[in-house]
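J.: Got a sequence here, can you build the structure:
(chains A and B)
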There are 2 protein chains.
Amino acid sequence: MRPRVGHIQFLNCLPLYHMLVKSGAVLSLDLYKDTPTGLSRRFFAGELDISPIPAIEYARHASSALLLPDFTVSSCGRVKSILLVSTVPADALDRRPVALANVSATSQVLLRIILKERYHVRPRYFECPPDLPEMLREADAALLIGDDALRVWARKPRGMQVYDLGEEWTRLTGQAMVYAVWAVRREYAMRCPDRVREVHAAFKRSMESSLRSRASIARAISRWEPFSERFLASYFKTLRYEFGEPYRRGLLEYYRMAKDLREIGAVPRLEFFDCRPPAPCGRARTCGGDA
Amino acid sequence: MRPRVGHIQFLNCLPLYHMLVKSGAVLSLDLYKDTPTGLSRRFFAGELDISPIPAIEYARHASSALLLPDFTVSSCGRVKSILLVSTVPADALDRRPVALANVSATSQVLLRIILKERYHVRPRYFECPPDLPEMLREADAALLIGDDALRVWARKPRGMQVYDLGEEWTRLTGQAMVYAVWAVRREYAMRCPDRVREVHAAFKRSMESSLRSRASIARAISRWEPFSERFLASYFKTLRYEFGEPYRRGLLEYYRMAKDLREIGAVPRLEFFDCRPPAPCGRARTCGGDA
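T.: Below is the predicted model:
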């Protein structure tokens, strides 16, 4: 059976999908598209073998998943697609209702961290579907992610304060922010390590060529999206897809602050699937964490 | 928005998918994969704009859909993937329980026609999920379609009578059998005729090149499927994807017999979307039917 692989259905992962199609690699995958939380639910239910998942979900289920090295969805500063849209300044949100889009998980915790540590407020949070007018009927501010957020960013609605949570995070900590990681179920990694290596290699190639082709991808997809070619090209430059040291440090810092807020029980070790060809005593490589 | 297009998730449509990927055409579609009945449900609920649907469903909803010319899933004689698997000879099935896989619609009616007209029996039919051992626990025979049927065909289980419904149909009527047609919602065809023309053209190119490349596609996908390259190549030759006169005649004959069984209220006209560039007084072309 083809590996069952998740794919984030937001614009942020469209360059990757574009290249998975162009290279034909998608023909060797049983690809399933959904929101980050939708993918996470399916992944931990055993219905997907490899998938991008919200960074916070790895911390919550690290015993059943390994990380793939080399790619994430990240930003270093501004991200444009994870926004708090507020009718009042952020420091006036104490005890006020704040609506959280129910399609992400990482950014919900990120918002709690930022409002507590940077603005010293503790709003009353509630979850709901990502519909801005509906959200602001009940709340003084709303967390939006993905394409919904990007539409707000592109329009710059009047009378609203728009906080870019990537920018806020980097101002707060000086670190990069990792929103999504690619994970493989440990059970699948044990059973089909060669398949995982193949998928990793195909994704790596597609990721690299999508970074080289950002401009032409922006041109191709601007036909179908409610954004101009220029806006898309600039957005794809804003995003980072790496998982090098600065991103690992940023992720562990995020986990530490999430633990302080009791959103996770412990800071997990970042335990990676070993993508090198098998060695006699090959073992998973790890770094950081409480353990 | 990209056209929302359905795709049958069975092997019979994999060559087409293969070429939609290879040509990059899939990047201009919002493609949704499902069983024929699943697609039909979504299509008539307005969630898909263009989709393959079971041939019988067009007859049931002809007022809200137009056919795309040029392609179907059909056979002329043997089809291998629409089977009655029976523990007794077909003419011994009178008043006996027969289980119908709940993932198709056309073949359910086809089976009723064949058992009545060729074997002169009227079993007690019931619908259930496509699981052969489970089906035969309750029934003396089971209708399977798609990959489930193909697995039975490849294994040739002992002590079972296996009836190929494509072969049975052609013996009964001398005609070709059309299992699935591609349809566009009339509302979408009115609103976005150029999009429909583009999708039709992309499918036509992909269908043509998939027919030329059947052997190499069989080789590529045999890695992932529980069938040998040779078996797949032979299966892809068995299938027909045309919609020329013999197929239209066969389809209308099927509708007439389905009407006699009161499975449909009337034989519909085959009303086609006009894929030619728009002319001053362009109108939909029709052929056959009661009207």
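J.: List the contacts of residue A:65.
T.: A:43-44, A:53, A:58, A:183-186 (CB atoms under 8 Å, 6 or more residues apart in numbering or on different chains). Every residue, glycine included, has its C-beta placed from N, CA and C.
J.: Just the ones of those in strands?
T.: Counting by DSSP state E, these place A:53, A:183-185 in strands.
J.: ok, the residues you listed vs residue A:135, which is closest?
T.: Closest to residue A:135 out of those is residue A:53 (24.2 Å), distances taken as CB to CB.
J.: what's the burial count for the closest residue to that closest one other than its chain neighbours?
T.: Leaving aside its chain neighbours, residue A:53 sits nearest to residue A:40 (4.4 Å; criterion: CB to CB, 6 or more residues apart in numbering or on different chains). By the criterion of other CB atoms under 10 Å in any protein chain shown, residue A:40 has 28 neighbours.
J.: Please produce CSV containing the contacts of residue A:65, extended by pLDDT and neighbour count.
T.: Converted to CSV, these look like this (pLDDT from 0 to 100; neighbours: other CB atoms under 10 Å in any protein chain shown):
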residue, pLDDT, neighbour count
A:43, 98, 27
A:44, 97, 18
A:53, 97, 29
A:58, 98, 26
A:183, 98, 29
A:184, 98, 27
A:185, 98, 21
A:186, 97, 16
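J.: what's the farthest-apart pair in the residues you listed?
T.: Spatially, the most separated pair among the contacts of residue A:65 is A:53 and A:186, at 13.6 Å (CB to CB).
J.: re earlier: which strand or helix spans the residue nearest to residue A:53?
T.: If you go by DSSP states H and E, residue A:40 is part of helix A:36-44.
J.: Dump that helix to CSV, restricted to CA.
T.: C-alpha atoms of helix A:36-44 as CSV (Å, rounded to 0.1, in the frame of the first residue of the first chain):
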residue,chain,number,x,y,z
PRO,A,36,-3.5,21.1,10.6
THR,A,37,-5.8,19.9,13.4
GLY,A,38,-7.7,17.7,11.1
LEU,A,39,-4.5,16.0,10.0
SER,A,40,-3.3,15.7,13.6
ARG,A,41,-6.5,13.9,14.5
ARG,A,42,-6.2,11.4,11.7
PHE,A,43,-2.5,10.9,12.2
PHE,A,44,-2.8,10.0,15.9
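J.: before we move on, the earlier item: could I get the ones in strands among the contacts of residue A:65 as TSV with distance to residue B:152?
T.: Compiled in TSV, those are given as follows (distance: CB to CB, whole Å):
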residue	distance to residue B:152
A:53	38
A:183	37
A:184	34
A:185	31
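J.: quick one on the thing from earlier: got the contact list for the residue nearest to residue A:53?
T.: Residue A:40 neighbours (CB under 8 Å, 6+ apart): A:51, A:53-54, A:57, A:105.
J.: Apply 6 Å and report the result again.
T.: For residue A:40, the contacting residues are A:53-54, A:57, by CB atoms under 6 Å, 6 or more residues apart in numbering or on different chains.
J.: Which strands or helices does the strand or helix carrying residue A:152 pack on?
T.: Element membership for residue A:152, per DSSP H and E: helix A:146-155. When contacts are defined as 3 or more CB pairs under 6 Å, 6 or more residues apart in numbering or on different chains; DSSP states H and E, helix A:146-155 packs onto strand A:82-86.
J.: What are the buried residues along the strand it packs on?
T.: Using 16 or more other CB atoms under 10 Å in any protein chain shown as the test for burial, strand A:82-86 gives A:82-86.
J.: on that earlier part again, what's the first helix or strand after the helix holding residue A:152?
T.: Using DSSP H and E, the helix or strand that follows helix A:146-155 in sequence is strand A:161-164.
J.: Name every strand pairing with that following strand and say which way it goes.
T.: With DSSP bridges as the test, strand A:161-164 is paired with strand A:82-86 (antiparallel).
J.: what sits up against the strand it pairs with?
T.: By CB under 6 Å, 6+ apart, strand A:82-86 touches A:107, A:141-145, A:149, A:152, A:160-163, A:165.
J.: which of those residues count as buried?
T.: For these, a burial check counting by 16+ other CB under 10 Å picks out A:107, A:141-145, A:149, A:152, A:160, A:162-163, A:165.
J.: So for residue A:277, what's the pLDDT?
T.: On pLDDT, residue A:277 comes in at 78.
J.: Shouldn't it be within a helix?
T.: No. Checked against DSSP: H, G, I helix; E, B strand; the rest coil, residue A:277 lies outside a helix; its state is coil.
J.: List the single closest residue to it in space, sequence neighbours excluded.
T.: In this structure, residue A:277 finds its nearest non-sequential neighbour in residue A:197, 7.5 Å apart by CB to CB, 6+ apart.
J.: Which pLDDT does the model give the one you found?
T.: At residue A:197, the model reports a pLDDT of 97.
J.: Tell me how far residue A:12 lies from residue A:82.
T.: Going from residue A:12 to residue A:82 by CB to CB, to the nearest Å gives 10 Å.
J.: Now the closest residue to chain B within the stretch 1-150 of chain A. Nearest residue, chain neighbours left out?
T.: The nearest approach of the stretch 1-150 of chain A to chain B comes at residue A:2, 4.9 Å away (CB to the nearest CB). Distances taken as CB to CB, 6+ apart place residue A:30 nearest to residue A:2, at 4.2 Å, with adjacent residues excluded.
J.: Not counting residues beside it along the chain, what's closest to residue A:113?
T.: Using CB to CB, 6+ apart and skipping the chain neighbours, the partner closest in space to residue A:113 is residue A:257 (4.8 Å).
J.: Name the residues of stretch A:250-263 that come out as buried.
T.: Neighbour-count burial for stretch A:250-263, counted by 16+ other CB under 10 Å, picks out A:250-255, A:257-259, A:263.
J.: From chain B, how far off is residue A:263?
T.: 34 Å (CB to the nearest CB, to the nearest Å).
J.: what does residue A:186 give?
T.: Residue A:186 sits 23 Å away from chain B, going by CB to the nearest CB.
J.: what does residue A:181 give?
T.: 26 Å.
J.: how many neighbours does that residue have?
T.: Neighbour count of residue A:181, defined by other CB under 10 Å: 27.
J.: ok, it touching residue A:55?
T.: Yes. Between residue A:181 and residue A:55 there is a contact under CB atoms under 6 Å: 5.4 Å.
J.: thinking again about what came up before, before we move on, what's the pLDDT of the residue nearest to residue A:53?
T.: pLDDT at residue A:40 comes out at 97.
J.: related to what we said a few turns ago, make sure I have this right: the residue of the stretch 1-150 of chain A closest to chain B is in a strand.
T.: No. According to three-state DSSP, residue A:2 belongs to no strand; its state is coil.
J.: If you average the pLDDT over stretch A:255-263, what comes out?
T.: On average, stretch A:255-263 scores 97.
J.: Number of residues surrounding residue A:95?
T.: 8.
J.: Dihedrals phi and psi, the closest residue to it other than its chain neighbours?
T.: Once flanking residues are discounted, residue A:95 sits nearest to residue A:124: 6.2 Å by CB to CB, 6+ apart. The phi/psi pair for residue A:124 (degrees, to the nearest 10) reads phi -90, psi 110.
J.: Tell me the helix or strand right after the helix of greatest length in chain A.
T.: For chain A, the longest helix by residue count, based on DSSP state H, is helix A:193-212. Going down the chain from helix A:193-212, the next helix or strand is helix A:214-222, by DSSP H and E.
J.: Check which residues of the helix or strand following that following helix are buried.
T.: Counting by DSSP H and E, the element after helix A:214-222 in chain order, helix or strand, is helix A:229-238. Residues A:229, A:231-233, A:235-236, A:238 are the ones in helix A:229-238 that count as buried (16+ other CB under 10 Å).
J.: for the record, mean pLDDT for helix A:229-238?
T.: Rounded mean pLDDT across helix A:229-238 is 95.
J.: What separation is there between residue A:193 and chain B?
T.: Counting by CB to the nearest CB, the gap from residue A:193 to chain B is 17 Å.
J.: residues from the stretch 151-291 of chain A in reach of chain B?
T.: residue A:224 (CB under 6 Å from any CB of the partner chain).
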